[in-house]
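> Could you look at this predicted model? Sequence included:
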Amino acid sequence: MWPGGHVADRCWGRQMTQHQNTTSPSAEIVSLWQHQAKRDISAIGEMRGYWESLRGGRLVPLRSEIDPREITGALEYGFILERLQPGAIRFRLAGMHLCDLMGMEVRGMPLRSFISPTSRARFSAMLERVFTQPEIHECVMISEDTNGTCLRARLLILPLKSDGGTIDRAIGCFTTEGVVGLAPRRFRVLETRVTSLINGKQTREFEADEMPAVPAPLRAGFAEPQEAFDAEPRPQLRLVVTDTPDA
């Protein structure tokens with residue numbers, strides 16, 4: 001059971017930190033934003049490391065093995081998903097940062113609610129692979145609100161087994177860099193880094209609009225590009241008028 005009983009079952013709770021200035025006036029001052037970004041990145045690493053430690057030599061760990069006391073630094077950004085059926089993947093638990101991004105309680109909502117409509121179909125199809133392949137997914141995303149506030153995000157999803165032995169749960173972490181601004185924030189997926197748990201193969205998959213540019217094939221020497229053959233006859237002469245009548 002999550003600490004705090006029913007309240008923590010809705011949101012894992014906000015992890016509050018206090019900063020005391022014990023440095024000298026000449027010391028470098030680190031902004032709150034930079035400090036927050038470092039916390040967010042460490043939350044991803046903490047969640048991934050904890051999941052790997054539980055996994056051991058198995059394909060995936062069990063949901064019942066998760067102990068939130070072991071990942072206190074990631075709880076604010078963490079979540080647990082449940083796959084009810086193909087295409088229906090919702091939040092069972094979610095940290096307070098996710099509630100802030102959506103501007104409401106997110107428990108029971110589908111994960112794709114955070115994804116912009118242009119990325120949603122592809123995201124949902126790929127999300128299925130976390131449970132069916134299974135795979136680890138780490139998404140790099142971006143959100144731009146109506147005021148032009150840009151928010152970058154990383155989403156880590158790690159599969160889990162339920163007590164019945166089925167891979168229908170997942171634990172993960174959702175961190176952002178920047179000011180949350182106006183909620184709800186919805187994100188466009190730029191890149192998904194995939195790790196297969198079957199063979200360990202790692203790949204990177206991009207949204208169609210974010211594909212790296214493919215360079216044009218090189219031509220030998222100084223050859224100029226050839227135009228396609230056009231069978232339609234073209235006029236060989238044209239009339240050029242240089243004199244104009246007096247006004």
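It's in.

> Next, count neighbours for Gly181.
Residues lying near Gly181 (other C-beta atoms under 10 Å) number 16. Yep, even glycine has a C-beta here, placed from its N, CA and C like the rest.

> Which secondary structure element is home to it?
Using DSSP states H and E, Gly181 is not contained in any helix or strand.

> just the one 3 residues further on next, same as before
Pro184 belongs to no helix or strand when elements are defined using DSSP H and E.

> ok, and what's touching stretch 139-152?
115-116, 123, 153-155, 157, 176-182, 185-193 (C-beta atoms under 8 Å, 6 or more residues apart in numbering).

> and what of stretch 100-112?
With C-beta under 8 Å, 6+ apart, stretch 100-112 has contacts from 9-11, 81, 88-94, 98-99, 113-114, 120, 123-124, 127, 174, 176, 180, 183-185.

> Any of those buried? List them.
In the contacts of stretch 100-112, burial by neighbour count holds for 10-11, 81, 89-91, 93-94, 98-99, 114, 120, 123-124, 127, 174, 176, 185, counting by 16 or more other C-beta atoms under 10 Å.

> Give me the subset of those residues that lies in helices.
Among those, the ones falling in helices (DSSP state H) are Arg10, Leu98, Cys99, Arg120, Phe123, Ser124, Leu127.

> Of the residues you listed, which is the nearest to Pro68?
Nearest to Pro68, judged by C-beta to C-beta, of those is Arg10 at 13.6 Å.

> And that closest one, what's its pLDDT?
On the pLDDT scale, Arg10 is placed at 43.
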